[in-house]
Structure formats: C-alpha cells, structure tokens
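K.L.:
Model the following, please.
(chains A and B)
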Amino acid sequence: MSTTIGTTSATGTSSAASNRGTAARGRTAVAVLATALGVSVLAACGGSDGSAPSGGSGGTESKTVTLVSHDSFNASPAVLKEFTRRTGYTVKVLKSGDAGEALNKEILTKGSPQGDVFFGVDNTLLSRALDNGLFTPYKAKGLDRVDTAAQLDRDQNRVTPIDTGDICVNYDKKYFADKKLAPPQSFDDLVKPQYKNLLVTENAATSSPGLGFLLGTAAQYGDNGWQDYWKKLKANGVQVVDSWELAYNENFSGSAGGKKAKADRPLVVSYASSPPVEVLYAEPQPQQAPTGVATGTCFRQTEFAGLLTGAKNEAGGKALVDFLISDTFQADMPLNMFVNPVVKSVKLPELFTKFGATVPEPGTVAPDKIAANREQWIQSWTSLVVK
Amino acid sequence: MDLTRGEVAGEAASRARPARPGPKGTRPTSKRERAGRAHAVRLALMAVPVAFFAVFFAYPVTAIVGRGLKADGTWQFGRVGEVLSRPDILGVLWFTTWQALASTAVTLLIALPGAYVFARFDFPGRHVLRAVVTIPFVLPTVVVGTAFLALLGRGGLLDELWGIRLDTTVWAILLAHVFFNYAVVVRTVGGLWSQLDPRQEEAARVLGAGRFAAWWRVTLPALAPAVAAAALMVFLFTFTSFGVVQILGGPAYSTLEVEIYRQTAQLLDLPTAAVLTLVQFAAVAAVLAVHARTVRRREGALRLVDPARTARRPRGTGQWALLGGVLATVLVLILLPLAVLVERSLDAPGGYGLGFYRALGSLDASGGTFLVPPLEAVWNSLRYALAATGVALVVGGLAAAALTRRAGRLVRGFDALLMLPLGVSAVTVGFGFLITLDKPPLDLRTSWILVPLAQALVGVPFVVRTMLPVLRAVDGRLREAAAVLGASPLRVWREVDLPLVRRALLVAAGFAFAVSLGEFGATVFIARPDRPTLPVAVARLLGRPGELNYGQAMALSTVLMLVCAVSLLALERIRTDRSGEF
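P.N.:
Alright, predicted model coming up:
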C-alpha cells in the first residue's frame, strides 16, 4: 500500500534529523525508527484508500454483503468467489469472538447491526437471540432439502439451520491401549472408579462445548437428575477449565498440543469431528486417528444463520442465507468448520466417513426447555462444580 | 513499563534546570498578554487529545456502563449496592486485591536485586539481556500463558525435577505476574539507581557506616520514590490482570477484569459488569492518584550522574554471587518460558526443523483458518502497530506539549486521565465501541482504523510518560530567548523543544509500537475484516485441533517475540546513546 511513499518521506525525516542531531552513533536505529514514524503517519492518514476493504458504508454498499460470525467460521475462498459469480455480491466476513461473545455483540447492537447476516447461533443459545428479536423472518430457498429435525424455528423461519455437530467426550486411544482399559462409552461410564481423574471439560458458563456437555447430561438424567450426576462426576475428579483451547491443547493427552504439553487427561469434552481433524493436520497422515469418540456421551448442536433486523443490504443478505444451504457451501463446510451439513443429499468427505464416528442417538433438549432453564442451570452448575 | 523511566531521565535533566527565571528585563509583550497567549496555546494543543479521549474512551465507556445501570433513562445506582452484596462478587474483589498485593511484593523481592545488578554491574550482554527481560511485558498473555503452563504445569520443569505442579494454584499466577512485571521494576528502579552517585554511599562508609547501614540510610531513601512508583505500576497491572488469571488460574479464580469479561461477553449481564467496571475504575483512579503524588515528590532534589560512570565489573565473591543469582533468576523465570515456545515451534514431526515456519507462508496448511497465509498476520500487525504509533504520537505528543508548563489542578487531572485506559477493561472499551461508533460520521465499527485507534489508547499513556518529563526539563529561558528574538510559538517549539526531545520522541514511538504489536485485548474484541493481527492469529490457530495448527501457533508466537525483541533492542541502542545528550 503506502509503503513506497512512506519510505521516501522517511528518508526526508531521517536526513532532517541527522542535520540537526548531535549524536552520530545509533543513527541506523534512529533512521529505522524515523522510517517507522514516516510510514506510520502516512499509514494513519492515507491508509484508507489502499488497505481498507470496501466497507459497509462505502459506495459499493449494495454489492457487498456482510456476514458476522464467530471465530470458527471458515469457507474456501473459491466458494465465496462462487457466491459472487452467482449473485454479484461480495461477502465481507467479520469474525466477532467466540460463539457466545459474537451473539452477545449482536444483541448489544440490535437495530444497528454490524452486518447483514449472522451465522453461528446454536440451539443452546437460540432463545437468547430470538427473544431479543435479532432476526427478520426469511424462508430460504431450498429449505425443503434441509433436515426437518434441525429446523427448530419452522413456524417463523427467523433462523435457518446451516450445520450440525455433536459435542462428545473424546478419548486418547494410546492411553487406553497402554493401560489395557476399555475407553468409556456412556455418561454412566464416566463416573466409574476406573476413569477417576481422567476427564477434563470446559466451563459451561464460558464455553459452548462446556454448555453442550451440561445439556447432554440434562438430556440423559433429566431436569433434576443432572445435579446428582455432576456431584458424582466431581467426586470422580473431573477437571474444569475455561475454554476448549485449554482443555484440548493443554490438558488432553490425545491431542497434538497435549502430547507436547505432556497432558495427563486422556478424556476431553470436544466434538465428534475432532478425530478426523487430528488426522487432517498430522504429517505424515496416520492410518488411524489418535483419538476416538465416546458415542454415548454426545449432545447434538445445530448452528443457525439469520437475516439481521436493520440490515443495510437485505437483498444481499437473503441471497447469502440461500447460499449457505446451497450444495456448494454445504459440501465445502465439513473440512472448513468440521461440522456436518444439514442438507441430507450432500455427501460427507471421505476423511469424515473414514476417521469420524457416527453418533446413533445424540442427546437433545427441546429449545423451549433450554430457554427456560439455561441461566439457572448454568448458575447451579457453577456453584456445584466450579466454586 | 517505562511509565516512569522518562521521569528518571527528566530528573537527570532537572539537575541542570535553574530556578524559574525572574520576570525581569524588558519584553516586547506584557506579562498578562503572554500568559493569555500561552493559555490559549495550551487549550488549542489539548483540544486534539481531549477530543480523542472523549470520543474513543469516555463516550464508549460511559455508554456501555449506562446500558447496564440506566433503566428508563434514569441511573439506577441502587444496583451498585445489590451487586456488591453478592458473596461471589465480594470473593472476586477480595481475590483481586490480595493477589495484586502479593504479586507486587513478590515481584519487588525478586526484581530489586535485578535492578541493582543491571544498574551497577557491567557485564557482557547486559544491554541485550535488558531488552530480553522486557519482551514478556509486550507479549500477549495467550502466548505467555501457554509457555508458562509448560514450565509450571504437568511435565514442566518443576514437575520433572521435584514433582511439583503449580498450574491452577495461586502460585502460578504470582510467578507469571513476576515474569510479566520484572522489567517494570528493573527499568524504573534500575534507571534511577544507575544515576545515583555511588560516592554518597562511599562517603557514608568512610565516615564509619557499615555496608548495610550505608545502603539503608543513604541509597534506599533516594530510591524509595522509584520503588514506590514501580510498586504502584506493578500493582496496577496485576490488579487488572486478565489472561494470566484465566489461563493459569482456571475457572475457580477470577479477578475483576476476568469477571467483567465473563459478565459482559459470556453472560450479557450488563448491570453486574457495569458495577464491576465502576469499582475497578475507582480503584485504578485511586492508585493513579497515589502514583501522581509519589512522582511529584520525586522531582528534583537528587544528585544524579551519568549512568555510564556508575557501572563497573563486579568485585569479590559476594558481588559475583549476586550477579550469578540474578542471572539464574532471569534464566529460569524469563528465558526458560520463552525458550519453551521456540522449542515447540521447532519440534516438527520427524525431528526438529523449520516445517511449521514454512507452513506459515502457505495458504493450504492453514486449512482455511484464514483467507490469507498466516504470515500475512505479520504485515497486518506491523501496519496496525505503525498506524497506532502514529496516532499515539500525535495524541500523546500534543498532550505532553500541552502539559509541559506546570499549571493548575485541571491540567494535572488531565494528566491522570490519560492513564486511565490502562486500568479499564478492554472488553468494556471494545463493547462500548460497538454500541457508540455505529452512526455517521463515526461509523467505524467495521473499519480497520478502529484497531489502531484502540491500540493507540494503550500507547498514549506511554508516550506522555516518556515525553513529559523531558519536555518539562527543557530550560524555559531558551524558549523565552527565542520568543524575545521574535520566533513564533510554533517556531520556538520546532527550534528549541523538538531538537531536545527528539530522542524521547523516538523512545516513545518505539514503546507505543511494541505495546501495539502485542496488544490483544481490544484487538480481539473488535470485530474486524479478516485481517488478523499476530496475537489474534495465534489465538485462532490455538483454537483448532491438530499438530500443524498447534505448531504454527508456536512458530507465529516466536515470530511475534522476535519482532518485539528487535524493536526493543533498537530502543536500547537509542537509550544507551542518550546520556550525553540531555
């Protein structure tokens, strides 16, 4: 961008400096910093032309559609280009923090949203979005191809389901092979003495998989039974950390990061898609995933997108929601976000079918029940397990 | 960190500062006229920084606090009492305070010998080491947290040697705070120590005082204000600690800053967050007020000498042992965690190598984590940091120029106000931006410029702290002489002030740059187009499973560390050069 201009002017600055300067030593350092100064001033003044992408308020407004999402959103550049080719709109992606944070930011800015479409509110937080009137109803084209079980707002279509995933306990295969111990398969297994001090999970108040796991236990043991289960889990030495990153990379012995960190927890709350991802990012690619999934401990997570109320580019937003459930986007999604497509006809990549686990019966909790109990459950969970 | 280093330099200069010149002799303009004009100039200079802080700090913070505490247009201050009577909140307050006090005490205990050694001993590699101990201060906590876990957590050095694990204990938090703030003490106290005339202590010894008595009676009283200033800064930084507590402490520990983040970003409980913000605000303001008093007491009064003359080779076993002890501490506490990062970045599958670094340059290896190769983050970071430095220099420089001439309470208040962003939670500022900067002409929420602006908020206090003492030390008679000779105020500034403060300006620029580079909080709370900065890119890579992602995160952290180290070393050169100039 303005680097070339910056250098020229910086030369001017530094020569002016040495004219008047008294110290001869350290002139290089001075010149370096003077260059920095020159560039920075220029970058501050003139950067808007070169480095700013066509913003929402710019002249190209009608041709840009802004997607607000969480940090985990990813799509292949080619797929986003395909959207532009089909509709003429360019997508600008704003990553707005983790799932909970991104949603809360949208609630705060309700009526004056940062973008046109929000993607990434899941079934655990859906009611918070809907109760706040975040979205304008829109029935996406091609909705009939979408799994009906995922359509949790079927009557009003304020949100459109985009993907599903399962939050499950993952296990370190090597640990259990070395110990000649069968890995746990169910919630009941996790409180057994042979699995004492092996599980690390995330804070349900601050982490999306943490909350999913809590809801999974609620699905399994009922509105009043889950507290007892967590008491047993706590007695069996469950460790709670604040984020998925800490749990998975630092404390779980089966992950690449955990191996380096000499992690000592062979069980972690993560996703059913984590084992294929471990394979994808290993070099050379192993024959087998280093981790497995305890398929009896899963909670089904569904992620939605919606047209933001007050969107500047509503037409573009609608086109984008349509595109998110198109075959092109749905097929691209698994390897970018490690989730399952909601459009049933879209095939999963081989990586998933080969290394991933199929979860026969993931736990679910009805959306209205989550809405009614979420805050209170989180609070009692916190005082029960964390404090 | 060197919030006070500039002041030390100022003191060096103040020995040359005469008493205020008496208003004698003939002048082209009357005293009153001149005073009026000076006042007008000061107001004009202050306009930019005042506007900057009003728009990018006061307005957003007030708005987000108002969102939590206002109902139907009226402030609900009753909520303050409600929130503050909750036992969990009281627990947070208590923990925040005592861990900050304890961290400050431990940091002083460990770093004061370091300050002495760096100030008084001449040994090879001293300057490089001085820069190295400063690196932690400008590194983002996500990165450091990971490194520290590797040291104190399972499988860490302590675990391997003695089977001690400190993660999720308060000891890990305290030690990490020492790691971060070591440089604050070494630079603040050491800076003054190196300029104290050793002959004073020697004189006391000649007169019969023992080694300890001489130190206790002569050196310590001279150092006390610097120690107090350093202690206050460490207290301020640890009181508002975020990443360290979150990563090393686990969910059971929570400082005010962490709790504000949880209440705002995760739970959206704005009333509670607003009350906590006010409490933190009050506490930080109190600390700053005490700090301002200490600093004022310190100005003048001391006899200072050129630091190059006070440093010498260590003599005798005692001094060598002290040097060895300090070097060992630096090695274990600071170099080791940094080395762990480097080691992990090189630990590629199939033996050590640069595989992860090579992957940083390609798009494929990131698996779509970014729309650009991760290495682009380096350029993003540099660009943002340069822009932030520019903004910080303009705003901070004008503020310092306006504050140069001592004036009433109002100006002093403004001085303290400039420091407040250091004590206000990044999440509060970030969320405040979201709800305020959404309408033209300030529709900046999705603009790239918001990132450097947020970073500049943190950089400005450093610029002011570095520039102000030097500007104040400029002999007022020079300006008057120039004015008498017919120079306009602008010309006076250009011909008199600027040449004298150019060094300070560069030092200030360097610090603003380094701090912006590592700034994580505000950057991460601002939704931005897909142009991650280095710290944000590291955090995102850590957010996905898989060896390549983890390795790249470590490699990128190492790159960040090197970039910071290089800018700090450049600063160090300017600094060592400076003694003859002022």
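
K.L.:
Provide a list of residues in contact with residue 63.
P.N.:
In the absence of a named chain, chain A is used. A:Ser54, A:Gly88, A:Tyr89, A:Thr90, A:Gly316 (C-beta atoms under 8 Å, 6 or more residues apart in numbering or on different chains). For every residue, glycine as well, the C-beta is placed using N, CA and C.

K.L.:
I was after chain B.
P.N.:
Per C-beta under 8 Å, 6+ apart, neighbours of B:Ala63: B:Gly432, B:Ile435, B:Thr436.

K.L.:
tell me the pLDDT at it?
P.N.:
We have a pLDDT of 91 for B:Ala63.

K.L.:
for A:Gly165, same thing?
P.N.:
A:Gly165 is given a pLDDT of 93.

K.L.:
Can you give me the neighbour number for it?
P.N.:
24 (other C-beta atoms under 10 Å in any protein chain shown).

K.L.:
What of B:Thr329?
P.N.:
Neighbours of B:Thr329 using other C-beta under 10 Å come to 17.

K.L.:
that's a helix at it, yeah?
P.N.:
Yes. Applying DSSP: H, G, I helix; E, B strand; the rest coil, one finds B:Thr329 inside a helix.

K.L.:
Where does the nearest residue to it once chain neighbours are set aside sit, in terms of helix or strand?
P.N.:
If the residues on either side of it in the chain are set aside, B:Thr329 comes closest to B:Ile110, at 6.3 Å by C-beta to C-beta, 6 or more residues apart in numbering or on different chains. B:Ile110 belongs to helix B:87-120 when assigned by DSSP states H and E.

K.L.:
Next: A:Phe352.
P.N.:
A:Phe352 belongs to helix A:350-355, assigned by DSSP H and E.

K.L.:
could you point out which element follows that helix?
P.N.:
Following helix A:350-355 in sequence, per DSSP H and E, is helix A:367-381.

K.L.:
what comes into contact with that following helix?
P.N.:
Helix A:367-381 is contacted by residues A:123-128, A:131, A:152, A:204-205, A:211, A:214-215, A:218, A:223, A:226-227, A:230, B:267 when judged by C-beta under 8 Å, 6+ apart.

K.L.:
how about 6 Å then?
P.N.:
A:Leu126, A:Ser127, A:Leu152, A:Ala204, A:Ala205, A:Leu214 (C-beta atoms under 6 Å, 6 or more residues apart in numbering or on different chains).

K.L.:
which of these has the weakest pLDDT?
P.N.:
A:Ala205 (86).

K.L.:
Report pLDDT for the residue nearest to B:Thr329.
P.N.:
As predicted, B:Ile110 sits at a pLDDT of 93.

K.L.:
residues contacting the nearest residue to B:Phe235 once chain neighbours are set aside?
P.N.:
Leaving aside its chain neighbours, B:Phe235 sits nearest to B:Thr104 (4.7 Å; criterion: C-beta to C-beta, 6+ apart). Applying C-beta under 6 Å, 6+ apart to B:Thr104 gives the contacts B:Ala231, B:Val234, B:Phe235.

K.L.:
Restricted to helices, list these.
P.N.:
B:Ala231, B:Val234, B:Phe235 (DSSP state H).

K.L.:
Now do the last one: how many residues are near it, please.
P.N.:
Close neighbours of B:Phe235, defined as other C-beta under 10 Å, add up to 23.

K.L.:
and the gap between it and chain A?
P.N.:
25 Å (C-beta to the nearest C-beta, to the nearest Å).

K.L.:
hang on, isn't that residue packed against B:Gln99?
P.N.:
No. Using C-beta atoms under 6 Å, B:Phe235 makes no contact with B:Gln99, being 10.5 Å away.

K.L.:
Is there any residue in the lengthiest strand in chain A that contacts chain B?
P.N.:
Across chain A, the longest stretch assigned as strand under DSSP state E is strand A:291-308. No. Applying C-beta under 6 Å from any C-beta of the partner chain, one finds strand A:291-308 separated from chain B by no less than 8.7 Å.

K.L.:
relative to helix A:367-381, how tilted is that strand?
P.N.:
120 degrees (axes from the mean of the first three to the mean of the last three C-alpha atoms, to 10 degrees).

K.L.:
Tell me the helices and strands packed up against the helix or strand following strand A:291-308.
P.N.:
As assigned by DSSP H and E, the chain's next helix or strand after strand A:291-308 is helix A:314-324. Judged by 3 or more C-beta pairs under 6 Å, 6 or more residues apart in numbering or on different chains; DSSP states H and E, the packing partners of helix A:314-324 are strand A:64-69, strand A:291-308.

K.L.:
Which helix or strand lies directly C-terminal to helix A:314-324?
P.N.:
Later in the chain than helix A:314-324, the nearest helix or strand by DSSP H and E is helix A:327-337.

K.L.:
Could you see whether chain B lies near that following helix?
P.N.:
Yes. Under the criterion of C-beta under 6 Å from any C-beta, helix A:327-337 makes contact with chain B via A:Asn336.

K.L.:
Check what contacts that helix and list those residues.
P.N.:
By C-beta under 6 Å, 6+ apart, helix A:327-337 touches A:72, A:74-76, A:79, A:82, A:163, A:323, A:341, A:343, A:346, A:348-349, A:352, B:368.

K.L.:
before we move on, what about stretch B:174-188?
P.N.:
Taking C-beta under 6 Å, 6+ apart as the rule, stretch B:174-188 contacts B:1-2, B:4-5, B:102-103, B:106-107, B:110-111, B:114-115, B:118, B:133-134, B:136-137, B:148, B:226, B:229-230, B:233-234, B:237-238, B:244, B:248, B:333.

K.L.:
Weed out the non-buried ones from those residues.
P.N.:
The neighbour count (16 or more other C-beta atoms under 10 Å in any protein chain shown) marks B:1-2, B:4-5, B:102-103, B:106-107, B:110-111, B:114-115, B:118, B:133-134, B:136-137, B:148, B:226, B:229-230, B:233-234, B:237-238, B:244, B:248, B:333 as buried among these.

K.L.:
which of the contacts of A:Lys63 tops the neighbour count?
P.N.:
Neighbour counts for those (other C-beta under 10 Å) peak at A:Gly316, which has 24 neighbours.

K.L.:
What about the closest residue to that one other than its chain neighbours, how many residues nearby?
P.N.:
Spatially, and ignoring its direct neighbours in sequence, A:Gly316 is nearest to A:Val65 (3.4 Å; C-beta to C-beta, 6+ apart). A:Val65 has 29 neighbours, counted by other C-beta under 10 Å.

K.L.:
so what's A:Val65 up against?
P.N.:
With C-beta under 6 Å, 6+ apart, A:Val65 has these contacts: A:Tyr89, A:Val91, A:Asp116, A:Asn313, A:Gly316, A:Gly317, A:Leu320.

K.L.:
Go ahead and confirm the fifth one touches A:Thr90.
P.N.:
To tie it back to what came earlier, the one meant is A:Gly316. No. Using C-beta under 6 Å, A:Gly316 and A:Thr90 do not qualify as a contacting pair, with a distance of 9.0 Å.

K.L.:
Show the pLDDT at the nearest residue to A:Gly88 once chain neighbours are set aside.
P.N.:
With sequence-adjacent residues excluded and distances taken as C-beta to C-beta, 6+ apart, A:Gly88 is closest to A:Lys63, at 6.5 Å. Note for A:Lys63: predicted pLDDT of 90.

K.L.:
just the one 5 residues further on next, same as before
P.N.:
Among the per-residue scores, A:Val68 holds a pLDDT of 93.

K.L.:
Please apply the same query to the one 5 residues further on.
P.N.:
According to the prediction, A:Phe73 has pLDDT 88.

K.L.:
Now do the contacts for it.
P.N.:
A:Phe73 touches nothing, counting by C-beta under 6 Å, 6+ apart.

K.L.:
I'd guess A:Glu283 is in a helix, am I close?
P.N.:
No. Read with three-state DSSP, A:Glu283 is coil and lies in no helix.
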